[in-house]
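Q: could you work out the structure for the sequence below:
(one chain, ligands or ions: 1)
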Amino acid sequence: MSESAAARRLGILLSGRGSNFLAIADAVAAGRIPNAEIALVAANRGEAPGIAAARSRGLPAEVVEAKGRGRAAHDAEMVERLHAHGVELVCLAGYMRLLSPSFVQAFPNHILNIHPSLLPAFPGLDAQRQALEYGALVSGCTVHFVDDQLDHGVIVLQRTVEVLPADDEAALSARILEQEHLAYPEAIARVLSGKYRIAGRRYVAAPAERS
Ligand code: GAR
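A: Alright, predicted model coming up:
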């Protein structure tokens, strides 16, 4: 399916190890994200392990180094690369960099992000640590459309994770990450299906998709 001429072209942006990218790549290969292919994996840091993982899978992988450059210039180049690869849907997968408004506007309602908390709780960095320090009993992950505010756009899907008394940051992060790997491919498949509408802040699935 991923070789189909009509396949929808995904662009994955990452900054680190890339486990969410690998979960998405596995889901594409297994047909769990139907009629899709990964057109480009891109990072803002040359040393991102996710880039090496993409190359070892034979996927197009590029680095647009951010260090020492202004946000506008960096984002303009990233948008150019995404367009050059015909990307339709951008998936931020541990991309630890704010997008400029012109980046967001270049892909209206076609940028997704995953965040390791139940937004709007605990946006920003170290979301799992924030949840522990706050004393939350439940946390999880959120896949949302990206708008011009941090960790703020319309929510597509959330999965919950219980915070256990013995949890430290590593243990909670690991259990949330397992749920991220399920949530992100499912959210991408839903968005690519087009069977939804956005009503204000709400993602509303078309009747056939509701369970
Ligand atoms: C994931 O936990 C993701 O939710 C988080 O970074 C990690 C990336 O891991 N993203 C954010 O915190 C964004 N605000 P990965 O590189 O193994 O996919």
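
Q: hmm, Gly86 is touching Ala39, no?
A: Yes: Gly86 is within contact range of Ala39, at 5.8 Å (criterion: C-beta atoms under 8 Å). In short, each C-beta sits where N, CA and C put it, glycine included.

Q: of those two, which one has the most company?
A: Set Gly86 next to Ala39 and count neighbours by other C-beta atoms under 10 Å: Ala39 wins out with 20 against 12.

Q: helix, strand, or coil at that one?
A: Using DSSP: H, G, I helix; E, B strand; the rest coil, the structure places Ala39 in strand.

Q: list the residues that contact both of Gly86 and Ala39?
A: Common contact partners of Gly86 and Ala39 (C-beta atoms under 8 Å, 6 or more residues apart in numbering): Arg9.

Q: for Leu157, phi and psi?
A: Phi and psi for Leu157, reported as degrees, to the nearest 10, are phi -160, psi 140.

Q: could you shift the numbering so residue one becomes 743, and keep it that way?
A: Yep, numbering from 743; the last one is Leu899 now.

Q: what about Val940, how many residues nearby?
A: Actually, residue 940 is Ile. It isn't Val. 13.

Q: that one reaches Val898, doesn't it?
A: No: checked against C-beta under 8 Å, the pair Ile940 and Val898 is beyond contact range at 9.7 Å.

Q: mind listing the shared neighbours of the two?
A: Common neighbours of Ile940 and Val898, counting by C-beta under 8 Å, 6+ apart, are Phe887.

Q: near the ligand, anything from the top helix by length along the chain?
A: Using DSSP state H to define each element, the chain has its longest helix at helix 911-935. Yes: judged by C-beta under 6 Å from any ligand atom, helix 911-935 and the ligand are in contact via 919, 922.

Q: got the buried residues for that helix?
A: For helix 911-935, the neighbour count (16 or more other C-beta atoms under 10 Å) marks 914-915, 917-919, 921-923, 925-935 as buried.

Q: how about the residue in the chain positioned nearest to the ligand, secondary structure?
A: Nearest residue of the chain to the ligand: Gly836, at 2.6 Å (C-beta to the nearest ligand atom). Judged by three-state DSSP, the three-state class of Gly836 is coil.

Q: residues near it, how many?
A: Neighbours of Gly836 (other C-beta under 10 Å): 21.

Q: over to the one 10 residues further on?
A: By the other C-beta under 10 Å criterion, the neighbourhood of Val846 contains 21 residues.

Q: spatially nearest residue to it (excluding sequence neighbours)?
A: Asp890 (5.4 Å; C-beta to C-beta, 6 or more residues apart in numbering).

Q: cool, Leu834 as well?
A: Leaving aside its chain neighbours, Leu834 sits nearest to Asn855 (4.2 Å; criterion: C-beta to C-beta, 6+ apart).

Q: next structured bit after the helix or strand where the one you found lies?
A: Using DSSP states H and E, Asn855 sits in strand 853-857. Later in the chain than strand 853-857, the nearest helix or strand by DSSP H and E is helix 869-876.

Q: contact partners of that following helix?
A: 857-859, 863-864, 866, 881, 905, 909-911, 914-915, 918.
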